[in-house]
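Peer 1: could you work out the structure for the sequence below:
(one chain, ligands or ions: 1)
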Amino acid sequence: MNIGFSKLSKQEKINVILSQLNCSNQIDLVDTEYKEKSLQKRFENFSENTIANFHLPYGVAPNFLIDNKEYILPMVTEESSVVAAASKAAKFWAKHGGFHTQIKSVTKVGHIYCTFDLDKRILFKAFEDSKEILLNRTRDITAKMDERGGGIQSLQLKTLPGLKNTFKVILKVKTCDAMGANFINSILENIAQNLNSIMVEKYFENHFEIIFSILSNYTPECVVTSRVSVEINDFEVDLMSSREFFTKFKKAIDIANFDTDRAVTHNKGIMNGIDSLVLATGNDFRAIEACAHAYAAKSGRYKSLTSAHIDDDIFEFSIELPISIGTIGGLTNLHPLASLSLDLLDKPSAEQLMGIIASIGLAQNFSAVRSLITTGIQKGHMKMHLLNILAQFDATSEQISSAKSYFSDKIVSYSSVREFLIEKK
Ligand code: MEV
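Peer 2: Numbers count the residues shown, from 1 in each chain. Next up, the predicted model:
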């Protein structure tokens, strides 16, 4: 491999990949690109060593009623049946009053980790004495955010239990409609630099050291809930009485709350919906994933992110999780489809988008558990997957349409589709 690979032009990189790595794949990478040169350039600048655009399906789930407003939700996912499942749940709950969201808190957090090997009371005193100066020196970075109603909420020093002579400075901020990663990291590095100068130069040479500073993707004070509810009276859900259905449904949610083996798959299903919407709006789905799973384990045991209750014949189903996203900045304005998604959602504030994301997670979970306790998951899943299997066999459009009607009441599997195609030849 060429040592200065990143310095090569895009075509040179492609040549290296195709020749030196004996790549037999015949795909024309240029076909994956945007036609408009300036747009393509913008894409390539998102990341390093870009040699192609990697496409994923961009779908929409209609019929979402969230806080009494109708939405069509954009979803980017490669997994068959995720969009269909979200849409099905949306339609069901729209008939029963829709989703109701609540923002519990919007504070984000970052840390500076440092060490100090003298009496810790001296450090705490020096920190408190310097705090005003440290905050004043961030004013250039925070001025605009302050004007928008955000900015620094607090700055505290804490010990790090279990690690000798190690401390963390905790910065809490509000970032309004921005996700705020750059904002938080810039403040942290500014404070860390000034803290270092003050501590090392003024007080404790060789006794104080900054280890590193970074925002935390764990944001347990930036939390949203979404909830649906319905009175259990005499209607049918999937050939069951509503009472039978919701009682069994609640049992399935309780199982996910008690059994971590199940909770992981249960929450993965929730993230099918959440990630697809987070991705469609140009937000960082890895941050959302990491945070959601840490939150699911906040009690010391990994549990379901959703919960279900039946009280006085009312079934209530809800989700609570931290979601740190933005509707301005980052890729949200740069990626044309992210920007389309935000238009589709009627340009939401970050708080509104948190509620919408929580609702799609709840919807996705409702559909998954509904299938699990009734038909099983494979029926819907494999019906959608049929097209993928047919594509693997290069089926003609005639074969595809006869396969669709043939398999409408049969089990889809790789071998059953292969046999069908052989017989049809
Ligand atoms: C598949 O991607 C997601 C499910 O396994 C979720 C669940 O089991 O709840 C269907």
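Peer 1: C-alpha from now on. contacts and neighbour counts both.
Peer 2: Fine.
Peer 1: in the chain, which helix has the most residues?
Peer 2: helix 350-373 (DSSP state H).
Peer 1: buried stuff in that helix?
Peer 2: Neighbour counts using 16 or more other CA atoms under 10 Å place 350-371 of helix 350-373 among the buried residues.
Peer 1: how about stretch 385-399?
Peer 2: 385-387, 389-390.
Peer 1: that one close to the ligand?
Peer 2: No: for a cut-off given as CA under 6 Å from any ligand atom, stretch 385-399 has no contacts with the ligand; the smallest distance is 12.3 Å.
Peer 1: what about that stretch, average pLDDT?
Peer 2: Here stretch 385-399 scores 89 as its mean pLDDT.
Peer 1: for that stretch, C-alpha coordinates in CSV please.
Peer 2: Provided in CSV are the C-alpha atoms of stretch 385-399 (Å, rounded to 0.1, in the frame of the first residue of the first chain):
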residue,chain,number,x,y,z
HIS,A,385,-36.9,-10.2,2.1
LEU,A,386,-38.3,-12.1,-0.9
LEU,A,387,-37.2,-9.3,-3.2
ASN,A,388,-33.6,-9.4,-1.9
ILE,A,389,-33.5,-13.2,-2.5
LEU,A,390,-34.9,-12.8,-6.0
ALA,A,391,-32.3,-10.1,-6.7
GLN,A,392,-29.6,-12.5,-5.7
PHE,A,393,-30.8,-14.9,-8.4
ASP,A,394,-31.1,-12.1,-11.0
ALA,A,395,-34.8,-12.8,-11.4
THR,A,396,-36.6,-11.2,-14.3
SER,A,397,-39.5,-8.8,-13.7
GLU,A,398,-41.9,-11.6,-14.9
GLN,A,399,-40.4,-14.0,-12.3
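Peer 1: next one: that stretch to chain centre, how far?
Peer 2: What separates the centre of stretch 385-399 from the centre of its chain is 31 Å, taken as CA atoms, centre = their mean, to the nearest Å.
Peer 1: out of the buried residues of stretch 385-399, which comes closest to Ala84?
Peer 2: Nearest to Ala84 out of those is His385 (CA to CA; 12.1 Å).
Peer 1: do I have it right that that closest one meets Gln378?
Peer 2: No: using CA atoms under 8 Å as the test, His385 is too far from Gln378 to be in contact (9.6 Å).
Peer 1: contacts for the lowest-mean-pLDDT helix or strand in the chain, please.
Peer 2: Least confident helix or strand of the chain, by mean pLDDT, DSSP states H and E, is helix 378-392 with a mean of 83. Outside of helix 378-392, the residues within contact range by CA atoms under 8 Å, 6 or more residues apart in numbering are 80-81, 400, 404, 407-408, 411-414, 417.
Peer 1: so for the helix or strand following that helix, what gets flagged as buried?
Peer 2: Moving toward the C-terminus from helix 378-392, the next helix or strand (DSSP states H and E) is helix 397-406. Neighbour-count burial for helix 397-406 flags 400, 403 (criterion: 16+ other CA under 10 Å).
Peer 1: what is helix 397-406 packed up against?
Peer 2: In terms of contacts (3 or more CA pairs under 8 Å, 6 or more residues apart in numbering; DSSP states H and E), helix 397-406 is packed against helix 378-392, helix 414-424.
Peer 1: one step back: considering the contacts of helix 378-392, which possesses the most neighbours?
Peer 2: Using other CA atoms under 10 Å as the neighbour test, the contacts of helix 378-392 are led by Val412, with 22 neighbours.
Peer 1: check contacts around it.
Peer 2: Applying CA under 8 Å, 6+ apart, we find Val412 in contact with 382-383, 386.
Peer 1: now it: how far from the ligand?
Peer 2: In this view, Val412 and the ligand are 17 Å apart by CA to the nearest ligand atom, to the nearest Å.
Peer 1: please, which helix or strand holds Ser318?
Peer 2: Ser318 belongs to strand 314-322 when assigned by DSSP H and E.
Peer 1: do that strand and the ligand meet at all?
Peer 2: No: using CA under 6 Å from any ligand atom, strand 314-322 stays clear of the ligand, coming no nearer than 13.8 Å.
Peer 1: which positions in the stretch 251-400 of the chain make contact with the ligand?
Peer 2: 265-266, 268-269, 368-369.
Peer 1: go with 5 Å
Peer 2: Contact residues, the stretch 251-400 of the chain versus the ligand (CA under 5 Å from any ligand atom): 266, 269, 368.
Peer 1: so which bits of the strand holding Ser318 are buried?
Peer 2: For strand 314-322, by 16+ other CA under 10 Å, it's 315-322.
Peer 1: strands paired with that strand, and their directions?
Peer 2: Paired neighbours of strand 314-322 in the sheet (DSSP bridges): strand 223-231 (antiparallel), strand 306-311 (antiparallel).
Peer 1: what's that strand in contact with?
Peer 2: Residues from elsewhere that reach strand 314-322 (CA under 8 Å, 6+ apart): 218-232, 246, 288, 291-292, 295, 305-310, 358-359, 361-362.
Peer 1: mind listing residues that contact the helix or strand following it?
Peer 2: Per DSSP H and E, the first helix or strand lying C-terminal to strand 314-322 is helix 331-334. The list of residues contacting helix 331-334 from outside it, by CA under 8 Å, 6+ apart, reads 42, 281-283, 326, 338-339, 342.
Peer 1: cool, and stretch 153-168?
Peer 2: Contacts of stretch 153-168 (CA under 8 Å, 6+ apart): 111-117, 120, 124, 127, 131, 169-174.
Peer 1: let's see which of the residues you listed end up in strands.
Peer 2: 111-116, 169-174 (DSSP state E).
Peer 1: identify the farthest-apart pair in those.
Peer 2: Phe116 and Lys174 (29.2 Å).
Peer 1: all set now, cheers.
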